[in-house]
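> model the structure of this input:
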Amino acid sequence: MLEIQNLTKVYDNTIRAVNNLNLTVESGEIFVMLGANGAGKTTTIDLILGFIEPTEGTALINGIDIVKEPLEAKKYVAYVSENVMLYGNFTARQNLDFFTKLGGNKDATKEDYDEAMRRVGLPEEAFKRRVKSFSKGMRQRLGIAIAIMKNAKLVLLDEPTSGLDPRGGAEFLELLQVLKSEEKAIFMSTHDIFRASQIADRLGIMSKGNLVALMERDEIVKADLQEIYMEYVQSYNYDQVGEVAETITEDTDDER
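Take a look at the predicted model:
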């Protein structure tokens, strides 16, 4: 469903925010990209969505090249950010109606919207409430309801559990399992090691724009993920520092 091919983003000719990323996410799979802030996770999602242009490479969504056919590719993807952007003065139902029609579904009914909101656990009394009164968890639920109404084959989530309390985070992960059961391909970025280990079918570790490790579910459940994460990230950063030091030494020797 999602195929990332040699995806690279370079800023100012020197900063590789994403470096030659190759990855696939299949239908019915939850892939989690784990990494610290600044690792390149959000840049990767922005590239997949076509918000920014890649320096090299591309991504295919349902076989459609996001660089060559961005509008067509976006028909098959839904996006839920860390802070879901909604219209605060609209009710939950009005937001759902607006974004559903914006996504191309012109035939949805009030009953369709209410069913989607029930599925994500929003209480009935919230359907007519203005969204500016919603908690973060409720906004995240409404974001998932929008994704459900779009019926997108690929769902991208950028730090979706950040700031949620333990109960809200657990309930959100349950919603992702529902989407997985409907054969959605899910790509989720996070720096939350605990929740990543709970939900991921496959997991990648990203550091300094590079995919430095890739783990299957059976490896994830058996491993001390925090220890592995720290080993990979520290080792990779050390190697980079060593390479820079060698370059500086060589340049200094040349000058002498």
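> which element is encountered next along the chain beyond the helix or strand encompassing Gly204?
According to DSSP states H and E, Gly204 maps onto strand 202-207. Using DSSP H and E, the helix or strand that follows strand 202-207 in sequence is strand 210-216.
> pull up the pairing partners for that following strand, direction included.
Strand 210-216 has the following strand partners under DSSP bridges: strand 202-207 (antiparallel).
> hmm, who's touching the partner strand?
Contact with strand 202-207 is made by 23, 29-36, 39-41, 44, 196-197, 211-217, 220, 225, 228-229, 232-233, 236-237, as judged by C-beta atoms under 8 Å, 6 or more residues apart in numbering. For glycine as for every other residue, the C-beta is placed from the backbone atoms N, C-alpha and C.
> I'd say Ser171 and Gly137 touch.
To be clear, residue 171 is Glu; Ser isn't right here. Yes - with contact defined as C-beta atoms under 8 Å, Glu171 reaches Gly137; the gap is 7.4 Å.
> contacts only, for Met149.
Met149 neighbours (C-beta under 8 Å, 6+ apart): 96, 99-100, 103, 105, 108, 112-113, 116.
> assign it to helix, strand or coil.
helix (DSSP: H, G, I helix; E, B strand; the rest coil).
> distance of it from Lys128?
17 Å (C-beta to C-beta, to the nearest Å).
> now render the contacts of Met149 as CSV, adding pLDDT, secondary structure and distance to Glu53.
Shown next, in CSV, are the contacts of Met149 (pLDDT from 0 to 100; DSSP: H, G, I helix; E, B strand; the rest coil; distance: C-beta to C-beta, whole Å):
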residue, pLDDT, secondary structure, distance to Glu53
Leu96, 94, helix, 31
Phe99, 92, helix, 25
Thr100, 91, helix, 28
Gly103, 81, coil, 23
Asn105, 84, coil, 28
Ala108, 92, coil, 33
Asp112, 94, helix, 35
Tyr113, 94, helix, 35
Ala116, 91, helix, 33
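> redo those residues as JSON lines? Include neighbour count and distance to Arg167.
Below are the contacts of Met149 laid out as JSON lines (neighbours: other C-beta atoms under 10 Å; distance: C-beta to C-beta, whole Å):
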{"residue": "Leu96", "neighbour count": "27", "distance to Arg167": "24"}
{"residue": "Phe99", "neighbour count": "22", "distance to Arg167": "26"}
{"residue": "Thr100", "neighbour count": "22", "distance to Arg167": "28"}
{"residue": "Gly103", "neighbour count": "19", "distance to Arg167": "30"}
{"residue": "Asn105", "neighbour count": "14", "distance to Arg167": "31"}
{"residue": "Ala108", "neighbour count": "16", "distance to Arg167": "30"}
{"residue": "Asp112", "neighbour count": "16", "distance to Arg167": "28"}
{"residue": "Tyr113", "neighbour count": "21", "distance to Arg167": "25"}
{"residue": "Ala116", "neighbour count": "21", "distance to Arg167": "22"}
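> ok, of the residues you listed, which one's closest to Ser81?
Phe99 (13.0 Å; C-beta to C-beta).
> surely the closest one and Ala147 touch.
No - assessed by C-beta under 8 Å, Phe99 is found out of contact with Ala147, at 9.4 Å.
> one step back: which one of the contacts of Met149 sits closest to Lys132?
Leu96 (15.4 Å).
> flag the shaky bits of the stretch 101-250 of the chain, pLDDT-wise.
The stretch 101-250 of the chain contains residues with pLDDT under 70 at 235-250.
> let me see the ranges of the helices in it.
Taking DSSP state H, counting those that start in this stretch as the criterion, the stretch 101-250 of the chain carries its helices at 110-119, 136-150, 166-181, 193-199, 217-222, 225-255.
> so of those helices, which one's packed in deepest?
Counting by mean count of other C-beta atoms under 10 Å, helix 136-150 has the highest mean neighbour count of the helices of the stretch 101-250 of the chain, with a mean of 23.
> what residues are up against the residue lying closest to Lys184 once chain neighbours are set aside?
Spatial nearest neighbour of Lys184, chain neighbours left out: Val155 (5.4 Å); criterion: C-beta to C-beta, 6 or more residues apart in numbering. With contact taken as C-beta under 8 Å, 6+ apart, Val155 is in contact with 77-80, 147, 179, 184-187.
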